[in-house]
Structure formats: structure tokens, C-alpha cells
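# model this:
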Amino acid sequence: MNAMMVGENAKYTSERFIQEALLSFKYMVQTPLICDLKNSPFYTVMVDETTDVAVKKELILYVRFLKNGKSSTHFLKMIELFDGKTATIKSAIVQTLEEIDMPLEMMCALGSDGASVMLGRKGGVAALMKESVPTLIANHCVAHRLALASSQAAAAVPYLKKFKAIVE
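Residues are numbered from 1 along each chain as shown. The predicted structure is shown next:
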């Protein structure tokens, strides 16, 4: 640590240092991840939309692949979206995979929430992705299905409605 304190004013808090440090950390984490991803015979993509505190639409992208014969799931990127349209989301996914040089034909599945923009049979992201990858399996995420089922089940229990109102 003393080697870093070249002068008394060396605080390492400047905007430039922070940006460079974050970029370095990104490559230290992302490089081995992408290497593992490329060594897998296939991969899947899991996506979910969110809105940040500034009410900007974002897409969270995870990848799942085989590493040493076991399934491995990792956060890959958070992508800012201009809108929540199908073509925009598909383009963001494809562009991200192209940036890391991952062939689309190695993608075997796409997991997401059950929204029609994602899983719609004719115009959803999965349907558009299947045009490029005909063997792609579209999957409604089990965590999203569980949340949907539990909220629907809770709506049928009067006490839980009251409990929810109190908590909120």
C-alpha cells in the first residue's frame, strides 16, 4: 500500500482514475468469462428488462454455458435501451454477442419473462431470434413464473390482500 502513496496528495479519487480502474476491473473479470463462454459447445442467454432510478429502460443480460461439464451462469452486461420495442431488444442482444465474438448459431435457448414483447409467437424477441437461429428454444423463466403464480394465488386469499396493503 505504501508504494501507492507516492505523494501526500495521492488519494486515487479523481474521475479519470476511477474510470480507468473500473475499466481495468471490467477486463479482469470479463476476459476469463468470455474465454470460458467461447470454450463451451453452446450457450443460452437470459434477459430481463428493468428501469433505473432515472426511469431509463435497461436490459440485463446473463449467459449460461458449460464449464468443466457443469452449468455456469454469469452476468454479462447491462444495456441501456432507447425503448422497449422488440427490434430494439433483439438488436441489443445481437450487438452484445457480436462485440464479444459469440456466434449466434451456438445459442441454444433464450430465457425471459413471459411478456409478449419477449415471448410473443409472431413478433416477440424470441420469434425474431429464431429467424437467425431456427433451433432456438424460447423459455419462460421459472423465477418469473413462480412470482406470477404466487401473486395470483395470494390474490385469492383475503387476508393476504390486507397484509399486502399494510406492508405497502
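
# quick one: low-confidence parts of this protein?
1-12, 52 (pLDDT under 70).

# tell me, which helix in it spans the most residues?
The longest helix of the chain (DSSP state H) is helix 15-39.

# residues touching that one, excluding its own?
By C-beta atoms under 8 Å, 6 or more residues apart in numbering, the surrounding residues in contact with helix 15-39 are 12, 43, 63, 65, 67, 72, 74, 76, 100, 101, 102. Bear in mind the C-beta positions are built from the backbone N, C-alpha and C, glycine included.

# can you report how many residues lie near the nearest residue to the fifth one once chain neighbours are set aside?
Just to be clear, that refers to residue 67. Leaving aside its chain neighbours, residue 67 sits nearest to residue 36 (5.1 Å; criterion: C-beta to C-beta, 6 or more residues apart in numbering). Neighbour count of residue 36, defined by other C-beta atoms under 10 Å: 17.

# can you pull the buried residues of the longest helix of the chain?
Neighbour-count burial for helix 15-39, counted by 16 or more other C-beta atoms under 10 Å, picks out 33, 34, 36, 37.

# can you tell me the element the spatially most central residue of the chain falls in?
Centroid-nearest residue in the chain: residue 61, 1.7 Å away (criterion: C-alpha atoms, centre = their mean). With secondary structure defined by DSSP states H and E, residue 61 is part of strand 57-67.

# so where do the helices sit in this protein?
Applying DSSP H to the chain gives helices spanning 15-39, 86-99, 116-119, 125-132, 142-155, 158-167.
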